[in-house]
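**Student:** One predicted model, sequence on top.
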Amino acid sequence: MLAISSFFIVALEQSLACPFCAAVGLTFSQEIKQSEAAVIARLIEPPPASALGPNAEGPLPQAKFEVVNVLKGEDLLRSTNLLDANTLIDAIMLEATTPGNLYLIMGIEPPEFIWSNPIAINERAVTYLKKLDQLPESGPDRLAFFQQYLEDKDDVLARDAYDEFAIAPYDDVRGLENRMDPTALLSWIKTPSIPSNRRRLYATMLGICGTPAYATEIEKILLGEDLGDDSSDLRNGLDALIACYVVLVGPTGLDLIDKLFLDRSSREIPFTETYAAVMALRFLGEESETIPRERVLESLRLLLNEPKLADLVIADLARWQDWSVIAKLTAIYVDATPENIFVREPIVNYMKACPLPAAASALVKLREIDPEAVRRAATLAGLAGLTAATKEDLPTEQPSAAPVRVADVVADDVTTDRSMVVSTGSQPEIKESRPGNGPISQPENALSKNFSLRWFFWLTIVVIVAFLSRYLLQPGKRDAAG
């Protein structure tokens, strides 16, 4: 079971964070929820210019604001007289600006209140903010509101709308299928100036609502045809573009993906492109209802022909119980050189996870060839096993799996550092979130926090051990270390 649990790290990527995702900013809704008061305020008195200079001394400069609208905490504000006509809010402000401008300001710790940095907004943003508490907590109807603001001319609103989609469960986005505009999505995908994380979102959405006719344009991007100087920009977000293309075309679309990004027998393929394809395949294997998992596995197995990259997919093969490559993996283990010796640990864990007698026999052979690799694999598997939830760690009614969020397929650029790919699969990115304002003494919160800390601590150890193992086993490194 410890061997199998080491492969669960890959599965946890989907519920915690995508391994290639940049952190998603807090949405306005999240920030307001975490505050005890939130107001639309008008700047009355900017901070003094003398306090804004690079050599200014003393406390941080403050500005004075009058409350125009209350978004949250009206009773608290009224009880502290902050809604009186002559009462102003003092908030730290580090820029020179013009009186009369509108800002969103949030506060905590009444009755004195600690106020956030003011966020400049316009009248359209005020209308937007006033509607937030009228929306459903989740679901397609909530996303339908934010969809109107994707690529809005006001970048503040466009960013918030994107963030709402990025934190939404993938099923909620799929529920919006009939209300999406595939033509607009394709237009945004083909706009070079669109940030890569947004292009990933739009490709994911196009895969939901598009038809095979749209795949032709995505195929041109994958092929790099007629893109001119915009080629590198349009191919940012390659993982989501690959997934979009395959979903639109169907299983036969993987034939092109194999040729372009996975079959390295006849030409050099940049590692980042192969890695993007693997990320897309993982998503398809978990979420697609139209692409058979066996066909996804067929594509993943192509990387076993490239021993230096085999560790990218071994964990996926085990997680999806593909036990057809015992002989292939044994041969890779036997033939491993100092350049790819790190592949031995995931192979050992694959054999331990496999229930077939052939795997047990192979494991005996692997131990004879390199007992140290078997020992290292056991260490990594043991540490990974400590990350598995126990009955004491979690509430008894916790669901078996968290829903996949769009953030799991929306990302900034994939890593180009091979050392960041640990032997149990690609490295999950750990995202920290700000705590909410609910009572921290609740048993569920305490247990969840304790489990999260343990998970983070042991995963950090796993990553460090894997990195050092790979580093020291590279040519020349072992001698230098000695």
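**Tutor:** Okay, I see it.
**Student:** Check the average confidence over the one helix or strand T379 maps to, would you?
**Tutor:** T379 is part of helix 371-385 when elements are defined by DSSP states H and E. For helix 371-385, mean pLDDT is 80.
**Student:** so what does that helix touch, helix or strand wise?
**Tutor:** Under the contact definition 3 or more CB pairs under 8 Å, 6 or more residues apart in numbering; DSSP states H and E, helix 371-385 sits against helix 2-16, helix 344-353, helix 357-369, helix 443-472. C-betas here are computed from N, CA, C, even on glycine.
**Student:** So for the longest strand along the chain, what gets flagged as buried?
**Tutor:** The longest strand of the chain (DSSP state E) is strand 62-72. By 16 or more other CB atoms under 10 Å, the buried positions in strand 62-72 come out as 62-67, 70-72.
**Student:** likewise stretch 48-57?
**Tutor:** A51.
**Student:** With stretch 70-84 instead?
**Tutor:** Here stretch 70-84 shows 70-73, 76-77, 80, 82-83 as buried, counting by 16+ other CB under 10 Å.
**Student:** Now for those residues: which two are most distant?
**Tutor:** L71 and T80 (16.4 Å; CB to CB).
**Student:** any idea of the pLDDT on the residue of the chain positioned farthest from its centre?
**Tutor:** Residue farthest from the centre of the chain, counting by CA atoms, centre = their mean, is N86 at 46.4 Å. Here the pLDDT value assigned to N86 is 89.
**Student:** I'd assumed it was in a helix, is it?
**Tutor:** No: N86 is assigned coil when assessed by DSSP: H, G, I helix; E, B strand; the rest coil, not a helix.
**Student:** Against E66, how distant is it?
**Tutor:** Noted for N86: a distance of 9 Å to E66, by CB to CB, to the nearest Å.
**Student:** what does L297 give?
**Tutor:** Using CB to CB, L297 is found at 63 Å from E66.
**Student:** With P48 instead?
**Tutor:** With CB to CB as the criterion, P48 and E66 are 18 Å apart.
**Student:** cool, Q147 as well?
**Tutor:** Q147 is 34 Å from E66, by CB to CB.
**Student:** And the contacts of stretch 133-151?
**Tutor:** For stretch 133-151, the surrounding residues in contact (CB atoms under 8 Å, 6 or more residues apart in numbering) are 29, 32, 71-72, 128, 131, 157-158, 160-162, 164-165, 168-169, 172-173, 175-176, 179-180, 188, 194, 198, 202.
**Student:** how long is it from one end to the other?
**Tutor:** End-to-end distance of stretch 133-151: 22 Å, with CA to CA, to the nearest Å as the criterion.
**Student:** Stretch 134-146 now?
**Tutor:** Stretch 134-146: ends 13 Å apart by CA to CA.
**Student:** Just the buried positions in that stretch, please.
**Tutor:** Buried, per 16+ other CB under 10 Å, within stretch 134-146: 135, 140, 142-143, 145-146.
**Student:** what's the offset of that stretch from the middle of its chain?
**Tutor:** Remark: stretch 134-146 is offset 21 Å from the chain centroid, using CA atoms, centre = their mean, to the nearest Å.
**Student:** Report the mean per-residue pLDDT for stretch 270-277.
**Tutor:** Mean predicted lDDT for stretch 270-277 stands at 96.
**Student:** quick check, distance from it to the centre of its chain.
**Tutor:** 17 Å.
**Student:** next one: stretch 282-301
**Tutor:** 20 Å.
**Student:** which residues touch that stretch?
**Tutor:** Residues contacting stretch 282-301 (CB under 8 Å, 6+ apart): 10, 14, 170, 239, 243, 246-247, 250-251, 254, 257-258, 262, 277-278, 281, 313, 316-317, 320, 322, 324-325, 328, 404, 408-409.
**Student:** let's go with 6 Å and repeat that
**Tutor:** 243, 251, 254, 258, 262, 281, 313, 316, 322, 409 (CB atoms under 6 Å, 6 or more residues apart in numbering).
**Student:** Over to the fifth one: give its phi and psi.
**Tutor:** This points to L262. phi -120, psi -30 (degrees, to the nearest 10).
**Student:** cool, and K190?
**Tutor:** The phi/psi pair for K190 (degrees, to the nearest 10) is phi -90, psi 0.
**Student:** Quickly note the distance from it to L234.
**Tutor:** Distance, K190 to L234, using CB to CB: 7 Å.
**Student:** quick one, which of these two is more surrounded?
**Tutor:** In this view K190 and L234 are compared by other CB atoms under 10 Å, and L234 has more residues nearby, 22 against 17.
**Student:** about what we covered before: tell me which of the contacts of stretch 133-151 fall in strands.
**Tutor:** Per DSSP E, these map to strands at 71-72.
**Student:** before we move on, back to that, could I get the buried residues of stretch 70-84 as a markdown table with pLDDT and distance to T211?
**Tutor:** A markdown table is the format used below for those (pLDDT from 0 to 100; distance: CB to CB, whole Å):
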| residue | pLDDT | distance to T211 |
| --- | --- | --- |
| V70 | 98 | 46 |
| L71 | 98 | 41 |
| K72 | 97 | 43 |
| G73 | 97 | 47 |
| L76 | 95 | 52 |
| L77 | 96 | 52 |
| T80 | 92 | 57 |
| L82 | 92 | 54 |
| L83 | 94 | 54 |
